[in-house]
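Student: This is a predicted model, with the sequence first.
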Amino acid sequence: MTKDLLGRHHAVLPDWLALYYEEPLEITHGEGRHVWDAEGNRYLDFFGGILTTMTAHALPEVTKAISEQAGRILHSSTLYLNRPMVELAERIAELSGIPDARVFFTTSGTEANDTALLLATTYRRSNTVLAMRNSYHGRSFSAVGITGNRGWSPTSLSPLQTLYVHGGVRTRGPFAHLDDDAFIAACVADLKDVLGHTRPPAALIAEPVQGVGGFTSGPDGLYAAFREVLAERGVLWIADEVQTGWGRTGDHFWGWQAHARSGPPDILTFAKGIGNGMSIGGVVARAEVMNCLDANSISTFGGTQITMAAGLANLAYLLEHDLQGNARRVGGLLRERLRAVAAQVPHAREVRGRGLMLGVELTRPGTDEADPAAASAVLEAARDGGLLIGKGGGHDTSALRIAPPLTLTVAEAEEGAAILENALRSL
Ligand SMILES: Cc1ncc(COP(=O)(O)O)c(C=O)c1O
């Protein structure tokens with residue numbers, strides 16, 4: 001049955017729509033932190049549909065909110081007042097930390113970042129953008145133009161002039177050997193050098209922890225140091241919180257808060273987890289920046305009632321159950337457990353990340369060379385053991401990505417770690 005579906009998938013969908021596994025899975029349902037495939041196999045889900053099932057699969061509170069809203073109205077457009085949209089915008093504006101914040105809802109992270117770019121380039125009257133090496137911000141023509149990851153850059157054509165800055169990857173590149181302070185100083189010097197050679201940029205866009213790039217980041221405080229340089233020149237800072245938002249990193253509600261000395265970003269983008277699978281993205285900016293457009297703009301499906309009802313219920317659950325605290329506690333245990341395992345696996349170069357956003361980078365033993373084949377083998381072995389994880393990393397995809405729903409229990413973390421240990425040892 002699954003084989004037949006795979007044939008139909010290939011016959012009708014694009015070749016570049018990649019599937020995981022030699023024998024791809026059809027997931028038919030889920031509950032809590034578990035999903036089931038069409039053959040009835042049960043898996044512990046440590047990837048949440050790419051960090052999107054944020055609280056839990058089939059969370060009754062979210063299901064109830066969706067079905068009740070579906071019984072009233074699904075969509076009316078933003079031409080009419082929309083109570084759930086206003087309510088969710090109020091909550092997000094307050095949580096964002098951005099003063100006098102305005103929120104615009106989109107349907108995806110890509111569209112959120114595209115909006116952020118539209119705002120920043122219009123506000124600053126510049127189409128020059130700074131982005132980080134190894135970054136990923138989405139799939140649209142504009143988002144691909146700020147993607148510093150070859151594996152996700154199908155074209156170099158772009159409406160933007162993009163310059164890539166160092167700092168998103170701590171343990172590789174020309175500054176890897178430096179201590180944290182010296183690393184930040186070197187990245188700041190690089191930023192200043194870039195700024196000296198270019199027309200005034202609109203913004204710097206950065207993921208506080210790079211997602212598709214393999215859960216890498218610079219040292220805490222890096223973006224605060226960047227911010228000082230940028231603010232002197234009026235350059236905006238866009239924090240892409242599509243993967244790092246809503247407490248996933250445990251220590252902070254937003255990834256930017258690891259750099260808090262700088263205060264909130266000028267623009268913040270979000271998506272993925274807030275809808276728990278319903279398509280919600282959005283951008284937050286202070287009024288002056290958000291309102292700089294002098295023409296109408298609309299996202300037909302953005303803020304539609306059905307998705308907003310889900311977002312409100314999901315966010316309420318997250319906050320009421322302190323899932324950020326859970327991510328910190330259970331994620332901390334999981335990271336230490338993985339570090340202990342990795343110390344005994346020659347392929348494991350590094351265990352990194354924070355909260356429930358953990359990466360394990362694999363290299364060929366005795367070298368620093370990425371080993372994407374090993375990452376694929378561990379993915380397969382984990383699946384055989386009943387665990388779903390993801391992978392990522394520069395153009396070589398050699399990092400395992402572990403990002404379970406934030407309700408993960410200690411027992412489930414232990415179970416997943418044991419499966420992962422066997423998978424890593426099988427290399
Ligand atoms: C950091 C980041 N920004 C933006 C996006 C794009 O989001 P979407 O796939 O919802 O368009 C992604 C998707 O993986 C992401 O990880």
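Tutor: Right, received. Where do you want to start?
Student: rest of the way, CA atoms for contacts and neighbours
Tutor: OK.
Student: What count of nearby residues applies to residue 159?
Tutor: 11 (other Cα atoms under 10 Å).
Student: List the residues that contact it.
Tutor: Residue 159 makes contacts with 127, 141, 142, 145, as judged by Cα atoms under 8 Å, 6 or more residues apart in numbering.
Student: mind saving the C-alpha coords of the helix or strand of the chain with the lowest mean pLDDT as CSV?
Tutor: In the chain, the helix or strand scored least confidently by mean pLDDT, DSSP states H and E is helix 2-12, which has a mean of 94. Extracted C-alpha coordinates of helix 2-12, given in CSV (Å, rounded to 0.1, in the frame of the first residue of the first chain):
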residue,chain,number,x,y,z
THR,A,2,2.8,2.4,1.0
LYS,A,3,4.8,1.3,-2.1
ASP,A,4,1.9,2.1,-4.3
LEU,A,5,1.6,5.6,-2.8
LEU,A,6,5.3,6.2,-3.2
GLY,A,7,5.0,5.5,-7.0
ARG,A,8,2.0,7.9,-7.2
HIS,A,9,4.0,10.5,-5.2
HIS,A,10,6.9,10.3,-7.6
ALA,A,11,4.6,10.4,-10.7
VAL,A,12,2.8,13.6,-9.7
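Student: before we move on, the earlier item: ok, of the contacts of residue 159, which one's closest to residue 358?
Tutor: residue 145 (27.0 Å; Cα to Cα).
Student: Kindly provide the distance from residue 63 to residue 208.
Tutor: From residue 63 over to residue 208 the distance is 31 Å, taken as Cα to Cα, to the nearest Å.
Student: where do the strands sit along the stretch 51-200 of the chain?
Tutor: Along the stretch 51-200 of the chain, the stretches classed as strands by DSSP state E, counting those that start in this stretch are 101-106, 128-132, 161-165.
Student: Then the stretch 201-350 of the chain?
Tutor: In the stretch 201-350 of the chain, the strands defined using DSSP E, counting those that start in this stretch lie at 203-206, 236-240, 267-270, 281-286, 348-354.
Student: Out of those, which gets nearest to the ligand?
Tutor: Across those, the minimum distance to the ligand, taken as Cα to the nearest ligand atom, is reached by strand 236-240, at 5.7 Å.
Student: quick one, what contacts the residue in the stretch 301-427 of the chain that the ligand sits nearest to?
Tutor: Closest to the ligand within the stretch 301-427 of the chain is residue 392: 10.5 Å, counting by Cα to the nearest ligand atom. With contact set as Cα under 8 Å, 6+ apart, residue 392 has these partners: 211, 212, 213, 214, 215, 398, 399, 400, 401.
Student: and the closest residue to it other than its chain neighbours, how many residues sit next to it?
Tutor: Nearest residue to residue 392, sequence neighbours excluded (Cα to Cα, 6 or more residues apart in numbering): residue 214, at 4.5 Å. Look at residue 214: counted by other Cα under 10 Å, it has 29 neighbours.
Student: Distance check, residue 214 against residue 172.
Tutor: According to Cα to Cα, residue 214 stands 12 Å off from residue 172.
Student: Doesn't residue 28 belong to a strand?
Tutor: Yes: judged by DSSP: H, G, I helix; E, B strand; the rest coil, residue 28 forms part of a strand.
Student: neighbours around it, how many?
Tutor: Residue 28 has 11 nearby residues by other Cα under 10 Å.
Student: pretty sure it contacts residue 38?
Tutor: Yes: assessed by Cα atoms under 8 Å, residue 28 is found in contact with residue 38 at 5.7 Å.
Student: In contact with the closest residue in space to residue 407 that isn't next to it in sequence: list those residues for me.
Tutor: In this structure, residue 407 finds its nearest non-sequential neighbour in residue 55, 5.7 Å apart by Cα to Cα, 6+ apart. Residue 55 is in contact with 273, 276, 314, 317, 318, 323, 405, 406, 407, counting by Cα under 8 Å, 6+ apart.
Student: need the residues of this protein near the ligand, please.
Tutor: Listed as neighbours of the ligand in the chain under the rule Cα under 6 Å from any ligand atom: 108-110, 136-138, 207, 211-212, 240, 242-243, 271-272.
Student: which of those residues lies closest to residue 87?
Tutor: residue 271 (16.9 Å).
Student: Which pLDDT value belongs to the residue nearest to residue 301 when sequence neighbours are not counted?
Tutor: Distances taken as Cα to Cα, 6+ apart put residue 107 closest to residue 301, at 6.4 Å, once the chain neighbours are dropped. pLDDT, residue 107: 98.
Student: count of neighbours near residue 107?
Tutor: If you count neighbours by other Cα under 10 Å, residue 107 ends up with 22.
Student: Isn't it up against residue 281?
Tutor: Yes: with contact defined as Cα under 8 Å, residue 107 counts as touching residue 281 (5.0 Å).
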